[in-house]
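Chemist: Here is a sequence with its predicted model. Questions after.
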Amino acid sequence: MRIVIMGPPASGKGSQKPFLTEELNIPQISTGEMFRNEIKKGTSLGKKIEKGMSEGKLVTDELTNEIVKERLKEEDVSKGFILDGYPRTLPQAFYLDQLLKEKQLKLDYVFNLTADEDLLIKRIIGRRTCPQCGRIYNIYFLKPKVANKCDYCGATLVKRKDDTKEVIIERLKAYHEKTEPIINYYQEKAILVNIDGSKAPYDSFLEIKSAIEKSK
Ligand code: ADP
Ligand code: ZN
């Protein structure tokens, strides 16, 4: 099964990862996570994208398409994948179609997570991430059992550099300008399913699961 999971920043894409990967047994690939890793490792790609990303700007389509193309060559995607945060622009959506067409594959679903902007902003400000397993917490809505520690690995949680009030405005702007047009594109292909992203992550997951089961 090949899935795209999209939605504005903090709509809950990354929070679906533990549920979806467990349920479907395929990897969830986040371009944002891959880019953050490149920055952390200090690679030449990391150096190119660091400034723009910290300002909430999108990475260029060229660099993004390239990293996805390489990732989709790996063995673990043979049974399918969940793309998280990609495509994020129409040119990326066209590129993905072409890439899949070459492999005689197509997307099964595009899940579009929705939530009001004031909720997104609160989530972004309170978001903390586990640097070890990637699980996502929130100091207001989804507190870890022990303050600032991951429930699963005990690692100290970190705040993303781009999760500040100033940068959020920029990221939401990029979303409205560049990403929202994709919704129509996938709607026309009749693979778009809207999911309520304002719920707790597990409840949004149940919506996704029932959409998949319904069309089996
Ligand atoms: P969020 O959805 O909360 O903004 P992500 O981890 O998906 O978080 O993305 C973080 C940042 O990574 C984005 O603001 C952007 O700079 C970069 N990024 C991630 N995916 C893409 C993409 N498909 N195209 C361009 N830039 C991207
Ligand atoms: Zn963890």
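Modeler: Happy to help now that I have it. Ligands and ions are numbered 1, 2, ... in the order given.

Chemist: any idea how far the closest residue to ligand 1 within the chain lies from ligand 2?
Modeler: Using CB to the nearest ligand atom, Gly32 is the residue of the chain that sits closest to ligand 1, at 1.9 Å. The C-beta positions use only the backbone N, C-alpha and C, and glycine is treated the same way. According to CB to the ion, to the nearest Å, Gly32 stands 17 Å off from ligand 2.

Chemist: Need the three-state assignment for that residue.
Modeler: Following DSSP: H, G, I helix; E, B strand; the rest coil, Gly32 is assigned to helix.

Chemist: Do you know the pLDDT at it?
Modeler: The model reports Gly32 with a pLDDT of 95.

Chemist: cool, Ser215 as well?
Modeler: So Ser215 comes in at 83 (pLDDT).

Chemist: Run a quick neighbour tally on it.
Modeler: 9 (other CB atoms under 10 Å).

Chemist: Angles on the backbone of it, please.
Modeler: Dihedral pair for Ser215: phi -90, psi 10, per degrees, to the nearest 10.

Chemist: if we can go back for a sec, and the residue of the chain closest to ligand 1, how many neighbours does it have?
Modeler: Using other CB under 10 Å, Gly32 has 18 other residues around it.

Chemist: where does the residue lying closest to it once chain neighbours are set aside sit relative to Cys153, distance-wise?
Modeler: Sequence neighbours aside, Gly85 is the residue nearest to Gly32 in space, at 4.8 Å (criterion: CB to CB, 6 or more residues apart in numbering). To Cys153, Gly85 is 23 Å away according to CB to CB, to the nearest Å.
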